[in-house]
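S.K.: with the input below, show me the fold.
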Amino acid sequence: MVHRLVVSYGQPADPAAFDAHYRDTHAPLARQMPGLVRYTYGHPRTLDPEQPAPYLVAELDFDSEKAMGEAFRSPEGQAASADVPTFASGGATMTSFDVLTVS
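M.R.: From the prediction side, this is the model:
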């Protein structure tokens, strides 16, 4: 079963600097985490104009919750985690879940 981590980033103070750092520094760090089987990110658009969308959402898939925990305890995971406060001025919310396939 796939275990997915979702990271939702709030609106940064400097979007251009955020995007450059995420693309050029953070994504390459996170991509090195052991056990990572899929990593995607993008800028979501809200379907309800009264509810603001996060600035950026990243999804990281692992084979299990245990594999995700091991990835974050690794030197690569610790480096990626330590990098977040250096660019995420709008904050970051992390949630995870076991992916259930409907169809």
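S.K.: which residues in this structure form helices?
M.R.: Along the chain, the stretches classed as helices by DSSP state H are 15-21, 27-31, 65-73, 75-83.
S.K.: which parts of the second one are buried?
M.R.: For helix 27-31, burial by neighbour count (16 or more other C-beta atoms under 10 Å) applies to 29, 30. Backbone N, C-alpha and C define where each C-beta goes, glycine included.
S.K.: what about dumping the CA coordinates of it to CSV?
M.R.: Output of helix 27-31 as CSV, limited to C-alpha atoms (Å, rounded to 0.1, in the frame of the first residue of the first chain):
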residue,chain,number,x,y,z
ALA,A,27,13.3,19.6,-4.5
PRO,A,28,16.7,18.1,-5.2
LEU,A,29,17.3,17.6,-1.5
ALA,A,30,13.9,15.9,-1.0
ARG,A,31,14.3,13.8,-4.1
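S.K.: so what touches it?
M.R.: Outside of helix 27-31, the residues within contact range by C-beta atoms under 8 Å, 6 or more residues apart in numbering are 36, 39, 41, 58, 60, 76, 79, 80, 83.
S.K.: quick one: it to chain centroid distance?
M.R.: Distance, stretch centre to chain centre, for helix 27-31: 10 Å (C-alpha atoms, centre = their mean, to the nearest Å).
S.K.: find the nearest non-adjacent residue to residue 45, please.
M.R.: residue 53 (6.0 Å; C-beta to C-beta, 6 or more residues apart in numbering).
S.K.: the one you found is in contact with residue 10, isn't it?
M.R.: No. In this structure, residue 53 is not within contact of residue 10 by C-beta atoms under 8 Å, at 10.3 Å.
S.K.: got a pLDDT number for residue 49?
M.R.: Listed pLDDT for residue 49 reads 89.
S.K.: got a list of what it touches?
M.R.: No contacts exist for residue 49 under C-beta under 8 Å, 6+ apart.
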